[in-house]
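Trainee: can you look at this prediction? I've put the sequence above it.
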Amino acid sequence: MLQVATKRDASHIRVFTPRDTLRSFISGTGARFQVATGSLFGLSAIREGNQQVQKKATGSWLRSSVQIFAAILGTATAALADSRSPALSPTNIFSPDSTPARSIFRLSRFGLEVEGAIFVVVFSLLAYVVVKFRQRQGDDDEEPAQVYGSNQMELAWTVLPVLIVVVLFLSTAQVIHRVQDAKRPPDAIEVTAVGHQFWWEYRYAQYGFVAANELHVPVSDAAHPTPTFIALLSSDVDHSFWVPRLAGKTDLIPNHPNSMWIDPQETGLFLGQCAQYCGAQHAKMLLRVYVQSRADFDSWVHNQQQPAVSDPSVAAGRAMFQAKLCFICHTVRGTPAVGQVGPDLTHLMSRDTIGSGAVPNTPENLRKWIRDPGTFKPGSLMPAQDLTDDQLNQIAAYLETLR
Amino acid sequence: MASESIPLTIRTNPLAVVYEWLATVDHKKIGIMYIVYALLFLVVMGIEAILMRIQLAHANATFLSPQLFNRLFTLHGTTGIFFVAMPILFGFGNYLVPLMIGARDMAFPRLNAFSFWMTALGGFLLYGSVFAGGPLSQAGSAPDVGWFAYAPLTSPAFSPGHSTDYWTLSLLVAGVGSIGAAVNFVATILSMRCEGMTLGRMPLFAWMNLVMGGLVLVTISPLTAAQIMLMIDRYIGGHFFDTDAGGSVVMWMHFFWIFGHPEVYVLIIPCFGFVSEIVPVFSRKAMFGYPAMVAATVGIGFVSLGVWAHHMFTVGMPSYGNAFFVLTTMVVAVPTGIKIFNWLATMWGGKIRFATPMLFCIAFLFQFLIAGLTGIALSIAPFNWQLGNSYFVVAHFHYVIVGGILFTIFAAFYYWFPKMTGRMLSEKIGKWHFWLFVIGFHLTFDFMHIPGLLGMPRRVYTYEANRGWETWNMISSIGAVVQAIAILLFVYNMIESYYKGATAGNDPWDAWTLEWATPSPPPHYNFAAVPAVQSRRPLWDIKHPEDPDWKYE
Amino acid sequence: MSATGMEIPATASWKLPSRGRVGMYCLILAESAIFAIFIAAYIFYIGKSISGPAPRQILAVPIVASVGLWASSFTIHWAVAALAKGKTWIFAGLWFLTLALGAFFIGATAREWHHLIYDEGFTIQTNLFGTTYYALVGLHASHVIIGLIALTVVMVFALFGKVRPEHHERCEILSLYWHFVDVVWVVVFIVVYGLS
């Protein structure tokens, strides 16, 4: 015999088959529910019983909460989005300054609005249900009417989400196509970015030089666009190029070339960092994109194209650079140093930072870095150098001439 | 009839007790072992989380070295999925499914025990890595490749030593256990239901376990295959993921996510089952739309097999590839959303009792709604190009796993602890646990979305001060401490109530499914006479003989 | 009166699928998924090796062993049918034939591999083709070996006269596994020796 502990007197239960309209349900409970959906779909759930009623003007309650929520969402987006001086962060995805980022921003705003509306509706239902249908003091022990389902309601709340999905999908597909399949105009700048553990190599094949860690691009005019197309390769593991204000991220994957493009419309410095876990110093593989006027960009290019400055006063340092085997990993164009494991140092002093954005490029930091990169980036692949103070100063002095 | 309440053991010899548990093939004991095992690892992963949150509370902090941090997030993720979430759900399923379908045990009791011990072995292997190799203070040889272990980071060149192998082997072993458990669930549910219990009359929790079991069978295997390939690469010179030989590391991503995405449905579907059992009982109403709930779940199971590359939107798939996965991901949201409406409709017109299990379920509804919406945001591929691999994703999946899965697991504890132990958990401590955990959860994970929107990538041991991320990280870290306190309260509640809780009796919640027809805890044979049923709520039929369910179904 | 004490309208007799059969189908489903991944890898890497031999240069189609393996599906099917009819010695003979055909297949694979490794110098390390070929064929061969072990156990029981007609269902469930291994070989055969 199954053992059952009966806690309630079940003699007054009535069970209903779901065949009546929502409106009679509502009038039965006395609540004024001013949503039109009841009549639209002929909803067929019914409930009778001794439910106590709160005479809330639920319709206007719903309306005002929608208004409040829309206001909050609008304010929040406005607060997060400010293209002139990005509020809250230099890497705010809601402060786009380039067509890909801007397309994404517009689409995401639309998506968030749709989701916000869904949230308001469902949350309101949840809040209403939790308040309205709670068991109250002095309630009798009767079980409420048992409702097993309603085909019309279930159809309605299936069809509506499907429609939302169709709308969202079509708007998304459009932006995907626009960003990914964009044609490259003839004026485009072309750079190849190669990801390394834990620094960025930039090859400007058009101009015949290789730079590292700080990407320079010209500003793009909306009337005559000069976007920069970046080919993305990797020499070791997976990385990802993410400068939020300029574009979404794209991964750098060995044996799987990728491509992205940006067309920043304002000059300035744009920050980002590697966004695919690549090992110990993933966190400090930072990105710096310098968007410059055409004139400034051209003069930067011109400088980068020159071979390394050959200053006779640091000849000792140049010799020490060879003697301590730095050339095995680093390139200094115009000298025998042609190593490719580490960043190109030909114009090291044209960079604001060292260690891929880890620290500012000052004489003191440079010396600390050379002596032991682990000071700033423990786990970096450049080994600590066994140097006396003199040797260190000579090498640093040499490097400081590489403008 | 006097209730037979045989205590869990009648021997007092400690060795005999230990042997009894080690050698048991009883689904109830195995279920409890799974649950206790998972709770131990829940505490471990909570400690890992707190350590990471301390490190991330400030920019450029030096509390943890990068190497240690990277091991911690790898262990945290791997432990959470394989040694907390899966075991605890297998545990509840093991305990409850036979009782709910009127069976005396699972279909294959010895396979059941074997599966548990394989899972347990996997956990010990993974944490054995901490004690092997390098300095203990740096977590030894624990893996540091992230829980999805992307190639080529896992190749011998970039992962020298054995840390990656601990990851691979522990999961291979645990995977065998998972497949064994899944075989058992499917066979039990299809072959061992009591008379009258057609598939259309099973408790929804049993349906969820059936779908979960089927999904495990097709989803764990791809991971097993990929791991075998990885071992071939690492140990006998294979080239599956060797780019120098023309291999593709994107292929690892595909195989991993073919496992990884359905896996999260494996985790959430039994939790839907918890909610579908608890919400009706505490609303005093039948589940609204049972057939739709079943159809939606089966639909989710199938569609979830086709969405995996939404984890790979940034990898450089062609535009039509990206668009396809946008579509499938949005489509899978439809049956998932429908379930929320069904639960709301169940509560509609009811008489809601706010006992602790119901509180956790209501919070689940709220949080799962938000998690689903942030998921839709992430399914918009261009938006994903910004948000992917950022803290927005971390916030989203913790919203699902903690806000969704863990909340329903707490609900399940409060609901079924009386059945498993014969004692009620304290409602008072339960409410403290609930509210503290809600506050801590929202502090941590609501605000965690913001650094993602402001450009913070995941898996970073520290960050620059000039990015504007610090305040939000600090708030998240504070929330973590609040959650830890709530969990300690929960553990205390369980321990105290086990010894001093109010006696539960057979059916403390006035519920309707077969497990409530047995004593608490049930005798080892479950049912003295195998029951026969006529409807989805056999106990409702008994309690309301003038108005049984079978007249209306 | 049932155990619940309720009056239940007369139902058809309560029949559920056998748990052994369901369990075996589940196992087959899981194993199919593993094979699917290895097959996907093989197909994806066709033509992508950057050096080393291509399939058509060094593979010889193992037609005899394959036909033998597929024939063993028939022999095992007949064996089980014989057992169901009570013909235990015919069962034993056909079962042994199945075992022999399976063992022959493994022997042929071993010989092929020996030739490839020692005469052609073609190993799992050679190139992408080598890796995917040995992995896929090896995965299948390992499943055949596990099947052979199970078949051997039953063979030993049969030789001691312990396998009786009432065990035919269990043998049939085991034969499902063997059929699965054969069907997988159809797919692997087409992919490796056909597509390449």
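Mentor: Done, it's in. Numbers count the residues shown, from 1 in each chain, chains lettered A, B, ... in the order given.
Trainee: lowest-pLDDT helix or strand in chain C?
Mentor: Within chain C, confidence by mean pLDDT, DSSP states H and E is lowest for helix C:55-58 among all helices and strands, at a mean of 90.
Trainee: and the strands in the stretch 251-400 of chain A, which stretches?
Mentor: Secondary structure of the stretch 251-400 of chain A (DSSP state E, counting those that start in this stretch): strands at A:258-262, A:268-273, A:286-292, A:353-354, A:359-360.
Trainee: quick one, the first one and strand A:268-273 angle?
Mentor: When you say that, I think you mean strand A:258-262. 150 degrees (axes from the mean of the first three to the mean of the last three CA atoms, to 10 degrees).
Trainee: turn the strands of the stretch 251-400 of chain A into a markdown table, columns for distance to C:V183 and mean neighbour count.
Mentor: Backbone N, C-alpha and C define where each C-beta goes, glycine included. Below are the strands of the stretch 251-400 of chain A laid out as a markdown table (distance: least, CB to CB, whole Å; neighbours: other CB atoms under 10 Å in any protein chain shown):
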| stretch | distance to C:V183 | mean neighbour count |
| --- | --- | --- |
| strand A:258-262 | 39 | 22 |
| strand A:268-273 | 50 | 20 |
| strand A:286-292 | 52 | 21 |
| strand A:353-354 | 61 | 20 |
| strand A:359-360 | 62 | 16 |
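Trainee: to chain B, which of the ones you listed lies closest?
Mentor: Shortest distance between chain B and these, using CB to the nearest CB, is found for strand A:258-262: 3.8 Å.
Trainee: using CSV, write down the CA coordinates of that closest one.
Mentor: Listed in CSV are the C-alpha atoms of strand A:258-262, where the atom choice follows Å, rounded to 0.1, in the frame of the first residue of the first chain:
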residue,chain,number,x,y,z
ASN,A,258,42.3,36.1,-40.9
SER,A,259,41.6,39.6,-41.9
MET,A,260,39.9,42.7,-40.4
TRP,A,261,39.6,46.4,-41.3
ILE,A,262,39.2,49.7,-39.5
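Trainee: run through who's touching that strand.
Mentor: Residues from elsewhere that reach strand A:258-262, judged by CB atoms under 8 Å, 6 or more residues apart in numbering or on different chains: A:98-100, A:182, A:184, A:188, A:217, A:227-232, A:241, A:243, A:246-247, A:250-252, A:289, B:315-316.
Trainee: which of these count as buried?
Mentor: A:98-100, A:182, A:188, A:217, A:227-232, A:241, A:243, A:246-247, A:250-252, A:289, B:315-316 (16 or more other CB atoms under 10 Å in any protein chain shown).
Trainee: tell me the helices in chain C, going along the chain?
Mentor: C:19-44, C:55-58, C:63-84, C:88-114, C:128-159, C:168-189 (DSSP state H).
Trainee: give the other helices and strands that the fifth one contacts.
Mentor: Applying 3 or more CB pairs under 8 Å, 6 or more residues apart in numbering or on different chains; DSSP states H and E, one finds that helix C:128-159 contacts helix B:204-236, helix C:19-44, helix C:88-114, helix C:168-189.
Trainee: give me that answer again for 10 Å
Mentor: Judged by 3 or more CB pairs under 10 Å, 6 or more residues apart in numbering or on different chains; DSSP states H and E, helix C:128-159 is in contact with helix B:204-236, helix C:19-44, helix C:55-58, helix C:63-84, helix C:88-114, helix C:168-189.
Trainee: next one: the shortest one
Mentor: For helix C:55-58, the contact count by 3+ CB pairs under 10 Å, 6+ apart identifies helix C:128-159 as packing neighbours.
Trainee: low-scoring stretches of the chain, by residue?
Mentor: You didn't pick a chain, so chain A it is. Chain A contains residues with pLDDT under 70 at A:1-87.
Trainee: I was after chain C.
Mentor: Short version for chain C, where the test is pLDDT under 70: C:1-12, C:196.
Trainee: make TSV out of the helices of chain C and add mean neighbour count and distance to A:H330.
Mentor: Below are the helices of chain C laid out as TSV (neighbours: other CB atoms under 10 Å in any protein chain shown; distance: least, CB to CB, whole Å):
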stretch	mean neighbour count	distance to A:H330
helix C:19-44	20	38
helix C:55-58	13	44
helix C:63-84	19	58
helix C:88-114	18	48
helix C:128-159	19	34
helix C:168-189	19	50
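Trainee: quick revisit: where strands are concerned, which of the buried ones among the contacts of strand A:258-262 count?
Mentor: Counting by DSSP state E, the part of the buried ones among the contacts of strand A:258-262 found in strands is A:217, A:228-232, A:241, A:250-252, A:289.
Trainee: hmm, which two among the residues you listed are most spread apart?
Mentor: Spanning the widest gap among those are A:V217 and A:D251, at 20.1 Å by CB to CB.
Trainee: quick one: the residue of chain B found nearest chain A from A:D140, how far?
Mentor: Using CB to the nearest CB, the single residue of chain B nearest to chain A is B:W385, 2.3 Å away. To A:D140, B:W385 is 58 Å away according to CB to CB, to the nearest Å.
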